[in-house]
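> The sequence and its predicted three-dimensional model are supplied below.
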Amino acid sequence: MIRDITIGQYYNVESKLHSLDPRMKLNAVLVFIISVFFIKSYVGYFIASLFLLFCIKLSNVPIRYIVRGLKSIVFLLFLSVFLNLFFTEGRVLFSYSFFVITYEGLDVAVKMMLRLIILILFSSLLTLTTTPMELTDGIDYNLSFFKIFKIPVSDIALMMSIALRFIPILIEEVDKIMKAQISRGVRFDDKNLIKKVKAYIPILVPIFVSAFRRSNDLAIAMESRCYIDSDNRTKLNPLAYKKSDYLAYSFLFVYLITIILVCRL
Amino acid sequence: MDNSLNSQENIIEINNLNFSINIFDDDENIKNEIILKDINLSVKKGEFLCLIGRNGSGKSTLAKILNGINLPTSGTVKVMSISTTDEKKIIDIRKNLGIVFQNPDNQIVSSIVEEEIAFGLENIQVETSEMRKRVDYVLKYMGLYKYKKQSPNKLSGGQKQKLALASVVAMLPQIIVLDEPTAMLDPKARKEFIDLIIKLNREKNITIILITHFMEEVIFADRVVLLDKGEIKKIATPKEIFTDSILEKYGMTFPFPIRVKNKLNQFGYNINNNVITTDDLIYAL
Ligand SMILES: Nc1ncnc2c1ncn2[C@@H]1O[C@H](COP(=O)(O)OP(=O)(O)OP(=O)(O)O)[C@@H](O)[C@H]1O
Ligand SMILES: [Mg+2]
């Protein structure tokens, strides 16, 4: 069923990482990303990788599944390795006609690759263990200090959560209209790009019309249920830190100290 | 809020209501179109009222006038003695008058069933512990408890509409307005839903205003209001409405047992006019 699709890549199992507070996980990703940018030595990368592997172990998500996230950046990975490897000046390690690989080039290329892989794996761990709803909630709390700059963080969070609810409904609608068009002989698999684009126009128009109608109905329904603005609302399930979250924070702190010590060496 | 309304008092009072909008006509000129005209209606606490009329007669517009989404062009609308034009008190009206709309998909806000029920309560800043109690109570009362952590997208049409009703019930309203709530349900889900409404009306003494095209649902009402082209054509009991030719004049059909009765009477039977439900008919035969 189309309505069962999961948005994002949430991996539905139970684990220590899954049950952590989304605010904690968001903060951890932020701290980790920053820490990785300060790492200069291989020992540092080793420690970061250990930390990453430990988190993966805690998440109960199969490694195979996590590594799939790298597919999307394979090209970027190759490009950066290629550029660093061949265009860094320094002591020559190996040369063949105009290909020159230097010690420094190899060093930079390997470190760059490690950095990218570690970052991608760690941040996909966040989306694998946190539902989009939890993420929205976490963002709402974590970014609430932006409210002093008059940025409507809560409104944006509410918009995100409404979008999450309506995406499957709209996808189903697209599917229905596409099937109706296919049964009338419209082809969506045409090789000719212009014909293909033309085939999609009769789908987009009704979808837009329907989305506008739906949003109008929803706005009226929300107002009828006393909605005024997103700021002065109580919550059924307010986020609350548990013991495990404090444990995770201390663990993150230990990791951070280790990295700082290593980098100063 | 004063909840001790005497049952003799009118919980809703509409006086000389007119409602019109400006629209563009075919020649792109602005034209004033009258949608509701000279509406006078009062509803008593605990009453079960049905609002019928053909497409475009202004039923939905009237529903949205009751909670101040649409404001009267002239005339007054008072809900629990508060005028819908009183901006400071409009939330008090909306707390006490909930609306369930036709399409459940377009009125459900949250991606989790229990949070959907909590949406209105969050808006009026009910405390978390009190909110938890109310949400769990309503989930059980409406038979939705086992779905509380699920996504509404996975519910059936009937369950979704129950969820929409549950979210309104959680606000502990005095009045619930339902705008064709069963239009998208199958016969079984429709019966279940109507039974729920009747239960709410009888057990909790909630005033019900049901907008519907199904005459079978009208039978349960205390009074029926027939609307046509924005005007009230008749206010009567279901019995009176079903023994009058006015229904067919304004484009509606009688419920099945009454059609059978009328046909039989044409063929010389003499079945009395009290027959409304199928059971009555069988008994009379
Ligand atoms: N926002 C609007 N813009 C233009 N016309 C409107 C608007 N709202 C209502 N109308 C018009 O008001 C009239 C009454 O509409 P309303 O939706 O209240 O009818 P209804 O009795 O609920 O019909 P239905 O049985 O189809 O639901 C219609 O003629 C409609 O075209
Ligand atoms: Mg309507």
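Perfect, I can see it now. Ligands and ions are numbered 1, 2, ... in the order given.
> Can you read off the pLDDT for residue A:203?
pLDDT for residue A:203: 82.
> so which strand or helix has the residue lying closest to it once chain neighbours are set aside?
Of all residues not flanking residue A:203 in the chain, residue A:177 sits nearest, at 5.1 Å (C-beta to C-beta, 6 or more residues apart in numbering or on different chains). Every residue, glycine included, has its C-beta placed from N, CA and C. Element membership of residue A:177, judged by DSSP states H and E, is helix A:153-183.
> how about the helix or strand following that helix, does it get close to ligand 1?
Using DSSP H and E, the next helix or strand after helix A:153-183 towards the C-terminus is helix A:193-224. No: using C-beta under 6 Å from any ligand atom, we find that helix A:193-224 stays clear of ligand 1, coming within 8.8 Å at best.
> And the contacts of the following helix or strand past helix A:193-224?
Using DSSP H and E, the helix or strand that follows helix A:193-224 in sequence is helix A:243-264. Contact partners of helix A:243-264, identified using C-beta atoms under 8 Å, 6 or more residues apart in numbering or on different chains, comprise A:16, A:19-21, A:24, A:27-28, A:31-32, A:35, A:38-41, A:43-44, A:47-48, A:51.
> mind redoing it with 7 Å?
If you take C-beta atoms under 7 Å, 6 or more residues apart in numbering or on different chains as the criterion, helix A:243-264 is touched by A:16, A:19-21, A:24, A:28, A:31, A:35, A:38-41, A:43-44, A:47, A:51.
> Flag every buried residue along that helix.
A:245, A:248-249, A:252, A:255-256, A:258-259, A:262 (16 or more other C-beta atoms under 10 Å in any protein chain shown).
> Same check on stretch A:210-218?
Quick answer for stretch A:210-218 (16+ other C-beta under 10 Å): A:210, A:214, A:217-218.
> for the chain, which spans come out with low pLDDT?
Just going to use chain A. Scanning chain A with the threshold set as pLDDT under 70 gives A:1-8, A:265.
> please go with chain B instead
For chain B, applying pLDDT under 70 flags the ranges B:1-8.
> I'd like to know which residues of it are adjacent to ligand 1.
Residues of chain B lying near ligand 1 (C-beta under 6 Å from any ligand atom): B:21, B:23, B:35, B:53, B:55-61.
> do that again at 8 Å, thanks
B:21, B:23, B:33, B:35, B:53-64, B:102, B:179-180, B:211, B:213, B:227, B:230 (C-beta under 8 Å from any ligand atom).
> Give me the buried subset of the residues you listed.
Using 16+ other C-beta under 10 Å as the burial test, the residues of chain B next to ligand 1 include B:35, B:53, B:57-64, B:102, B:179-180, B:211, B:213, B:227, B:230 as buried.
> near chain A, which of the residues you listed show up?
Residues of these in contact with chain A (C-beta under 7 Å from any C-beta of the partner chain): residue B:64.
> on that earlier part again, can you tell me which of the buried residues of helix A:243-264 is nearest residue B:185?
Taking C-beta to C-beta as the measure, residue B:185 lies nearest residue A:245 of the buried residues of helix A:243-264, at 43.9 Å.
> before we move on, the earlier item: now flag whichever of the buried residues of stretch A:210-218 is closest to residue A:160.
residue A:218 (14.6 Å).
> ok, now which ones touch the closest one?
Neighbours of residue A:218 in contact, by C-beta under 7 Å, 6+ apart: B:106-107, B:109.
> Also residue B:65?
Contacts of residue B:65 by C-beta under 7 Å, 6+ apart are B:19, B:72, B:77.
> The last one: helix or strand, and which one exactly?
In this structure, residue B:77 is located in strand B:74-79 according to DSSP H and E.
> related to what we said a few turns ago, list only buried entries from the contacts of helix A:243-264.
For the contacts of helix A:243-264, a burial check counting by 16+ other C-beta under 10 Å picks out A:20-21, A:24, A:28, A:31, A:35, A:39, A:44, A:47, A:51.
> would TSV of those with distance to residue A:127 and secondary structure be doable?
Formatted as TSV, these follow (distance: C-beta to C-beta, whole Å; DSSP: H, G, I helix; E, B strand; the rest coil):
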residue	distance to residue A:127	secondary structure
A:20	14	coil
A:21	16	coil
A:24	15	helix
A:28	13	helix
A:31	17	helix
A:35	20	helix
A:39	23	coil
A:44	25	helix
A:47	24	helix
A:51	18	helix
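> for these, which one is nearest ligand 1?
residue A:21 (44.1 Å; C-beta to the nearest ligand atom).
> ok, which residues in the stretch 101-250 of chain B are in contact with chain A?
B:101, B:103, B:105-107, B:109-112, B:114-115, B:118-120, B:122-128, B:131-132, B:135, B:153-154, B:167.
> From those, keep the buried residues only.
If we count by 16+ other C-beta under 10 Å, these have these buried: B:101, B:103, B:105-107, B:109-112, B:114-115, B:118-120, B:122-124, B:126, B:128, B:131-132, B:135, B:153, B:167.
> Take those residues and keep only those in helices.
Of those, the ones assigned to helices by DSSP state H are B:114-115, B:118-120, B:122-123, B:128, B:131-132, B:135, B:167.
> before we move on, back to that, okay, the residue nearest to residue A:203 and residue A:214: tell me how far apart.
According to C-beta to C-beta, to the nearest Å, residue A:177 stands 15 Å off from residue A:214.
> tally of neighbours for the residue nearest to residue B:172 when sequence neighbours are not counted?
Residue nearest to residue B:172 in three dimensions, not counting chain neighbours: residue B:134, with 7.7 Å by C-beta to C-beta, 6+ apart. Around residue B:134 there are 18 other residues, counting by other C-beta atoms under 10 Å in any protein chain shown.
> surely residue B:134 meets residue B:121?
Yes: between residue B:134 and residue B:121 there is a contact at 6.5 Å, judged by C-beta atoms under 7 Å.
> anything in contact with each of these two?
The contact sets of residue B:134 and residue B:121 overlap at residue B:170 (C-beta under 7 Å, 6+ apart).
> Would you agree residue A:89 falls within a strand?
No: counting by DSSP: H, G, I helix; E, B strand; the rest coil, residue A:89 falls outside a strand, being coil.
> now for the strand or helix carrying residue B:199, which elements pack on it?
In the assignment (DSSP H and E), residue B:199 maps to helix B:187-203. Other helices and strands packing on helix B:187-203, by 3 or more C-beta pairs under 7 Å, 6 or more residues apart in numbering or on different chains; DSSP states H and E, are helix B:157-169, strand B:207-211.
> any chance of the ones you listed in TSV, with distance to residue A:91 too?
Output for the helices and strands packed on helix B:187-203, formatted as TSV (distance: least, C-beta to C-beta, whole Å):
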stretch	distance to residue A:91
helix B:157-169	69
strand B:207-211	84
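> which ones are touching residue 170?
Using chain A. A:207, A:211.
> My question was about chain B, not that one.
B:117, B:120-121, B:134-135, B:138.
> just residue A:76 next, same as before
Contact partners of residue A:76, counting by C-beta under 7 Å, 6+ apart, are absent.
> List the buried residues in the strand or helix carrying it.
Assigned by DSSP H and E, residue A:76 belongs to helix A:74-86. Buried residues in helix A:74-86, counted by 16+ other C-beta under 10 Å: A:80-81, A:84-85.
> How about stretch B:153-172?
The neighbour-count check on stretch B:153-172 (16+ other C-beta under 10 Å) flags B:153, B:155, B:158-172 as buried.
> Would you mind measuring from residue B:181 to chain A?
Distance, residue B:181 to chain A, by C-beta to the nearest C-beta, to the nearest Å: 13 Å.
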